[in-house]
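Engineer: Using only what follows, build the 3D model:
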Amino acid sequence: MLKSSIPAGVVQGLVVDGQSGMPFAGANIVIKGTTTGTQTDFDGKFSIKAKSGDILVFTYIGFDDFAVTIGKDNYYEIRLPTSSAKLDQVVVTAFGIARESPENEKIMVRGYSSISENSNALIVIDGKIATSEELENLNPEEILSSKVLENKEAIALYGIEGKNGAIVVTTKGSINLESVQVRKNLQETAFFFPQLKTDEEGNVSFHFTNSEALTKWKLQPLAHTKDLKSALLVKETLTQKELMVLPNFPRFLRVNDTIQISAKIASLTENTLT
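Structural biologist: Here you go, the predicted model:
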């Protein structure tokens, strides 16, 4: 298609699913033999500088690559055909990893995990590259988390081996809670220099918003004269009462609702309060 509204030397178009016609956001477009490329926007549209004779290669996870040779047209609608050996057919479920091909050829893994024989995705278990057999032998109950990485993200993490994407699995055995250092000192210290204001009688005042996590402030005003005489005053103030009840109200209510209000009681004293 030739559109007069498109500037010279620019090719634009739309990339959609070959079956459903839904637009693809983030599809890759590269001029073959170069590093010049772009991606489709949220609506599946793209724009790239190209000339007649250039070959545009369209790629998207889960679909076959598609190439178009630029001719006299400057607008193209690309319909990508579905592939049976791409990564987006790997589905991460709550029970593990499952993958089905159009031929319904499966290797059933113990429990709820399965992955097809012809998957080319890189498999990483607990930070180490593994085989499909190792994945199949995992007990689903030992899987803490699993996620699928597209090719760009996988290449950034694992190099060229991640060109077909990656399946990353973390097991419960990879986390050693004994090595976690428990924080015992919960004190926090904050410093600030307030903007002081003096009234006609020489009284000094300032305003600030205190953090809810801080319960005690130390004020240290320092005054000096031109002949270097100075004075220091140290005062402490509590930003919470010794005993506080902090109710937690719901964000909204409707007429005739029955609610239960939970509350937290905070005490800053070791003495018995009555």
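
Engineer: Could you list the low-pLDDT ranges of the stretch 151-274 of the chain?
Structural biologist: 177, 179, 185-192, 209-215, 239-240 (pLDDT under 70).

Engineer: now the strands for it?
Structural biologist: Secondary structure of the stretch 151-274 of the chain (DSSP state E, counting those that start in this stretch): strands at 166-171, 197-198, 204-205, 216-219, 222-224, 230-232, 235-238, 243-248, 262-267.

Engineer: mind giving me JSON lines with those strands and columns for mean neighbour count and distance to Val148?
Structural biologist: C-beta: built from backbone N, CA, C; applies to glycine. JSON lines is the format used below for the strands of the stretch 151-274 of the chain (neighbours: other C-beta atoms under 10 Å; distance: least, C-beta to C-beta, whole Å):
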{"stretch": "strand 166-171", "mean neighbour count": "21", "distance to Val148": "6"}
{"stretch": "strand 197-198", "mean neighbour count": "10", "distance to Val148": "58"}
{"stretch": "strand 204-205", "mean neighbour count": "10", "distance to Val148": "59"}
{"stretch": "strand 216-219", "mean neighbour count": "12", "distance to Val148": "49"}
{"stretch": "strand 222-224", "mean neighbour count": "9", "distance to Val148": "60"}
{"stretch": "strand 230-232", "mean neighbour count": "9", "distance to Val148": "62"}
{"stretch": "strand 235-238", "mean neighbour count": "9", "distance to Val148": "52"}
{"stretch": "strand 243-248", "mean neighbour count": "10", "distance to Val148": "38"}
{"stretch": "strand 262-267", "mean neighbour count": "10", "distance to Val148": "39"}
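
Engineer: counting contacts, what elements does the lengthiest helix in the chain pack onto?
Structural biologist: Counting residues, the longest helix found in the chain (DSSP state H) is helix 151-158. For helix 151-158, the elements it packs on are strand 122-125, strand 166-171, judged by 3 or more C-beta pairs under 8 Å, 6 or more residues apart in numbering; DSSP states H and E.

Engineer: The helix or strand just after the shortest one pairs with which strands, parallel or anti?
Structural biologist: Under the assignment DSSP states H and E, the closest C-terminal helix or strand after strand 122-125 is strand 128-130. Its sheet considered, strand 128-130 pairs with strand 122-125 (antiparallel) by DSSP bridges.
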